[in-house]
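Trainee: Pasting the sequence and the predicted coordinates here, then a few questions.
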Amino acid sequence: MVDAMSERIRSVQRLVGVDPDGIMGPKTSAAMAGRTEGEILHPWARGAALPHSGDRREREIRYIVVHHSDTRDLAGMVRAMSGSRQVSTHYSIDLDGTIREHLDPWERVAWHCVGANLHGIGLDLIHRRGAPFPPAQVKALGELLRWLCLATGVPERLCPAPVKVKGQLAAQPWGICGHGDLQPTRCPDGAPIAEALADLPW
């Protein structure tokens, strides 16, 4: 997995004009975020760490699952996930487009979607059910999805119908999906995933 990941990072580095050393460091992160070196040490802000997670143990990342928090703000999402629900997420995207990393997806497994935990990345849109998704949030969703696809090798496509093997999703690389594509739930409440990806220039 490590060799494949390094090669994927090298291809991304060539794409954004960075020396292809295979390391996802500050220079590469800055270039991918469209910012100059020195402006940023990590492409996303650090968010509150969430307690309910496990060790990734070099399990391959195959898909990215989009959720919505059904909370009014980030603090509400963190409270809900830190309490008795025993769930977590890797990233959150606030209404103003601020992206926060709560768990390192290369090191930790988030408990966000049964069947997709071990090989998935979870991200939550801060969003109250039935409310619109602001343009800044949709733009940030597209940027984060594209960045994660480039960095992990997950196909930049919407997932087909789920196939499960012993409780986990099938082993083939899937792509991007909404929580409701995998389980009978209204989450992510109509989040415009395809539109978010379609509007990006890179």
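Mentor: Thanks, I have the structure now. Residues are numbered from 1 along each chain as shown.
Trainee: Only C-alpha atoms from now on, for both contacts and neighbour counts.
Mentor: Will do.
Trainee: most centrally placed residue in this structure?
Mentor: Against the mean C-alpha coordinate of the chain, by CA atoms, centre = their mean, the closest residue is L123 at 4.6 Å.
Trainee: The strand or helix carrying that residue - contacts with which helices or strands?
Mentor: Remark: L123 resides in strand 120-125, with elements defined by DSSP states H and E. Taking 3 or more CA pairs under 8 Å, 6 or more residues apart in numbering; DSSP states H and E as contact, the helices and strands that strand 120-125 lies on are strand 63-68, strand 91-93, strand 108-110.
Trainee: a markdown table please, covering those strands and showing mean pLDDT.
Mentor: Rendered in a markdown table, the data for the helices and strands packed on strand 120-125 read as follows (pLDDT from 0 to 100):
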| stretch | mean pLDDT |
| --- | --- |
| strand 63-68 | 95 |
| strand 91-93 | 96 |
| strand 108-110 | 94 |
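Trainee: Reformat those strands as a markdown table; add distance to A75.
Mentor: Supplementary listing: the helices and strands packed on strand 120-125 in a markdown table, determined by distance: least, CA to CA, whole Å:
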| stretch | distance to A75 |
| --- | --- |
| strand 63-68 | 14 |
| strand 91-93 | 11 |
| strand 108-110 | 18 |
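Trainee: Determine which of those strands approaches A31 most closely.
Mentor: Ranking these by their distance to A31 (criterion: CA to CA) puts strand 91-93 first, at 19.8 Å.
Trainee: So what touches the longest helix seen in the chain?
Mentor: For the chain, the longest helix by residue count, based on DSSP state H, is helix 135-152. Applying CA atoms under 8 Å, 6 or more residues apart in numbering, the external contacts of helix 135-152 come out as 5, 8-9, 12, 32, 61, 64, 93-99, 125, 154-156, 176, 192-193, 195-200.
Trainee: tell me the angle of it relative to strand 63-68?
Mentor: Here helix 135-152 runs at an angle of 160 degrees relative to strand 63-68 (axes from the mean of the first three to the mean of the last three CA atoms, to 10 degrees).
Trainee: Go ahead and confirm W174 touches E60.
Mentor: No. Between W174 and E60 no contact is recorded; they are 11.7 Å apart, counting by CA atoms under 8 Å.
Trainee: When these two are compared, which one has more neighbours?
Mentor: When neighbours are counted by other CA atoms under 10 Å, W174 comes out ahead of the other of W174 and E60, with 22 against 19.
Trainee: Pull up the pairing partners for the strand holding L123, direction included.
Mentor: strand 63-68 (parallel), strand 91-93 (parallel) (DSSP bridges).
Trainee: Could you dump the ones you listed into CSV with distance to N117 and mean neighbour count added?
Mentor: Below are the strands paired with strand 120-125 laid out as CSV (distance: least, CA to CA, whole Å; neighbours: other CA atoms under 10 Å):
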stretch, distance to N117, mean neighbour count
strand 63-68, 9, 26
strand 91-93, 14, 26
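Trainee: Sounds good, over and out.
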